[in-house]
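Engineer: prediction below, plus the sequence it came from.
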Amino acid sequence: MVEVALESEIFPLLSELLLFPSEETESKARECVVLLTQHDDPLAELMEGFRAFIEREGLERLQDVYTYTFDLQPPCPPYVGHYIFGEDYRRSYFMVGLKEAYRKYGFSYDERELPDHIAIVLAFLPKYEDEEERNDLISLCLLPALEKMRENLKEENPYRAVLEVAYRILRGGKESC
C-alpha cells in the first residue's frame, strides 16, 4: 500500500476533490500536484490535468461536470456500496459498519451524505487504525468500486483522473490509465 506520510495528506485532499466543487477546489488540486511531486510520484501529471481543466474551463463548468458525473442519474454514482452490493440489503449493513468504524475512531463527516460516499471513505482511511479491517475495506470494497467508477467515465472526464490517482495509490502505483 501507500506510504503513511503521503497517505495521511493525499486522501483528505482527494476526498475534497470528490465533493461538489467550490472556490477551494483548484487550490486543493494544486496541493495534490505539489504533494505528489514532492514524493516523486508520476501521478502528479494526472492530477495536473485535473487542475488544468479547472483553470481552463472554470469552476462553473467543473460544477456542471460534477453534477453530470455523480448526481442526477449519473454514469458514476459516488457510493462505494452501490458497486459492491447494488441496492441489496447488504449495502445497509455495510453503511452501518462504516458508521460504527467512523464513530470508533472519532471521525466525523457531513451526515447529510451517505457514509459510503467515496469522498467520505477516502477521508476516513488515514484514521482507520485496524490494519486488517482497513486492508479489507481497501481490497474488497474501495478498489473494486474505484475500478468500476473509472470504467464508467470517458477519458475526457476530468474526474476520471482523480479516481485514477486514488485507485493507483491504493494499488501501490501499479495500474495504468
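Structural biologist: It's in.
Engineer: for the rest of this, base every contact and every neighbour count on C-alpha atoms.
Structural biologist: Noted.
Engineer: I'd guessed residue 44 sits against residue 30; true?
Structural biologist: No. Between residue 44 and residue 30 there is no contact under CA atoms under 8 Å: 9.6 Å.
Engineer: helices of the protein, residue ranges please.
Structural biologist: Assigned by DSSP state H, the helices in the chain fall at 4-17, 25-38, 43-57, 59-70, 80-85, 90-104, 118-124, 131-136, 143-152, 158-171.
Engineer: how about JSON lines for the ones you listed, with mean neighbour count added?
Structural biologist: Formatted as JSON lines, those follow (neighbours: other CA atoms under 10 Å):
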{"stretch": "helix 4-17", "mean neighbour count": "18"}
{"stretch": "helix 25-38", "mean neighbour count": "18"}
{"stretch": "helix 43-57", "mean neighbour count": "18"}
{"stretch": "helix 59-70", "mean neighbour count": "17"}
{"stretch": "helix 80-85", "mean neighbour count": "20"}
{"stretch": "helix 90-104", "mean neighbour count": "15"}
{"stretch": "helix 118-124", "mean neighbour count": "24"}
{"stretch": "helix 131-136", "mean neighbour count": "12"}
{"stretch": "helix 143-152", "mean neighbour count": "18"}
{"stretch": "helix 158-171", "mean neighbour count": "22"}
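Engineer: switch the ones you listed over to TSV; also include distance to residue 111.
Structural biologist: Formatted as TSV, these follow (distance: least, CA to CA, whole Å):
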stretch	distance to residue 111
helix 4-17	15
helix 25-38	21
helix 43-57	27
helix 59-70	18
helix 80-85	16
helix 90-104	10
helix 118-124	10
helix 131-136	21
helix 143-152	21
helix 158-171	23
